[in-house]
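Student: Fold the following, please.
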Amino acid sequence: MEITILGTGCPKCKSLEKLTRETVTELGMDANVTKEEDIMKIMEYGVMKTPGLVINEKVVFSGRVPSQKELQELLTQNQ
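Tutor: As a prediction, this is how the structure comes out:
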């Protein structure tokens, strides 16, 4: 599973990255988590509000940090 966190480095973006890494570990998933900070590349995904979460090249949400439960559901549904 490829997971990309879209964000320029704001506190919400950092929070989403930390929460995603923790949740992947808790769920025991085999996932590669990366962070994209280049605004031009973020815009290529069609994301105008960060943070954003991309799973296997599909944007699953943007503009906020989800709850841990919501993130768990997104990760398991999109693996």
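
Student: Next, find the distance separating Q72 from M48.
Tutor: Note on Q72: its distance to M48, by CB to CB, to the nearest Å, is 26 Å. For glycine as for every other residue, the C-beta is placed from the backbone atoms N, C-alpha and C.

Student: How about K58?
Tutor: Separation of K58 from M48 (CB to CB): 17 Å.

Student: One more: L6?
Tutor: Distance from L6 to M48, counting by CB to CB: 11 Å.

Student: before we move on, what about K14?
Tutor: Taking CB to CB, one finds K14 at 19 Å from M48.

Student: Neighbour count: the two, which is higher?
Tutor: K14 (15 against 10; other CB atoms under 10 Å).

Student: Surely that one is in a helix?
Tutor: Yes - counting by DSSP: H, G, I helix; E, B strand; the rest coil, K14 is part of a helix.

Student: Where does pLDDT dip in this protein?
Tutor: For the chain, not a single residue meets the criterion pLDDT under 70.
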